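Novice: coordinates only, sequence not included:
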C-alpha cells in the first residue's frame, strides 16, 4: 500500500515538473499590456502595430480569438442598429434578420478572413509581396479586431440619433458604412506591412478596385437571375 502510494506521489511530482518546464509563450500574457492599449496603438500607427503583432508570433488560437471577439462586437452592433432603427423593408421579419446576422457574424465573417488573407497573398505575389499566409492572417485578423470598436461607435451613433429623434436618413445607416470603411483602411495598412509594400495607399486602391468589382459582379448576377 505504501509502495503504491509512493508511486502515485512520484507520478504526480513528475507531472508537476513537466508542467513547470512548459514555457509561457503567450505574448499577451507576458507583455502585460491590455488590448485597449494595443487598439489605440493600431489607430495611431496600424503598420507598426501589425508588425509588432507578427513579431510576437501569436498562435492560431490567439488569432481566432481576435476574430471571434470582433465577430461578437460586429453582431451586437448590427443587432442593436436593427432593433433601434429597423429598415422599413424588414418590418415583422426582424427576428429572422437577427438570426441570419448571428450566422453571418460567426460563420461567414470568420471564414471570410481566411479567404481574404489567402487572396491577399495571391494578389500580392505578382507585385513583389513577400509575406506568408500566416503573416497576412495576422494582418487581416488584427484589422478586424481593431476596426470592431468603430462598428460599436456606429451603433452608438444610431442609438443617439433615435433618442434625439433624428433617426431618419443617412444617420441611421451609419453603422452600415462606417465599420466597413474602417476595416478597409486597417486591412490595407496591415496587408501592406505584412507583404512588405512601402505605400499603403496603393494597397488601398487595389482593395477598393477589387471590392467595387466584386460588388458590380454580384449586382449583375442578381439582375440576371431576377430577369
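Specialist: Nice, thanks for sending it over. Everything numeric in this text was worked out from a predicted model, so none of it was measured.
Novice: ok, residue 69 - contacts?
Specialist: Contact analysis of residue 69 by CB atoms under 8 Å, 6 or more residues apart in numbering lists 145, 148. Using the backbone N, CA and C atoms, a C-beta is placed for each residue, glycine as well.
Novice: Now stretch 139-157: buried residues?
Specialist: Neighbour-count burial for stretch 139-157 flags 139-155, 157 (criterion: 16 or more other CB atoms under 10 Å).
Novice: how near is the residue nearest to residue 204 when sequence neighbours are not counted to residue 159?
Specialist: Nearest-residue entry for residue 204: residue 188, 3.9 Å, with adjacent residues in sequence omitted and distances by CB to CB, 6 or more residues apart in numbering. Plainly put, residue 188 is 29 Å away from residue 159 if you go by CB to CB, to the nearest Å.
Novice: helices or strands up against the longest helix along the chain?
Specialist: As far as residue count goes, and with DSSP state H defining each element, the longest helix of the chain is helix 133-163. If you count contacts as 3 or more CB pairs under 8 Å, 6 or more residues apart in numbering; DSSP states H and E, helix 133-163 packs onto helix 35-44, helix 46-55, helix 60-84, helix 109-124, helix 174-195.
Novice: between the longest one and helix 46-55, how many degrees?
Specialist: Orientation check (axes from the mean of the first three to the mean of the last three CA atoms, to 10 degrees): helix 60-84 against helix 46-55 gives 140 degrees.
Novice: Residue 80 is in contact with residue 159, isn't it?
Specialist: Yes: the criterion here is CB atoms under 8 Å, and residue 80 meets it with residue 159 at 6.8 Å.
Novice: Quick one, grab the pLDDT at the nearest residue to residue 71 once chain neighbours are set aside.
Specialist: Once flanking residues are discounted, residue 71 sits nearest to residue 105: 4.6 Å by CB to CB, 6+ apart. Looking at residue 105, its pLDDT reads 72.
Novice: Now do the SS call for residue 105.
Specialist: Secondary structure state of residue 105, per DSSP: H, G, I helix; E, B strand; the rest coil, is helix.
Novice: do the same with residue 197
Specialist: With three-state DSSP as the basis, the three-state label of residue 197 is coil.
Novice: Give the full set of residues in contact with it.
Specialist: Residues in contact with residue 197, defined by CB under 8 Å, 6+ apart, are 124, 127-129, 191, 203.
Novice: Kindly report the same for residue 142.
Specialist: With contact taken as CB under 8 Å, 6+ apart, residue 142 is in contact with 42, 49-50, 53, 66, 186, 190.
Novice: Just among these, which is most surrounded?
Specialist: The residue in those with the most neighbours, by other CB atoms under 10 Å, is residue 190 (31 neighbours).
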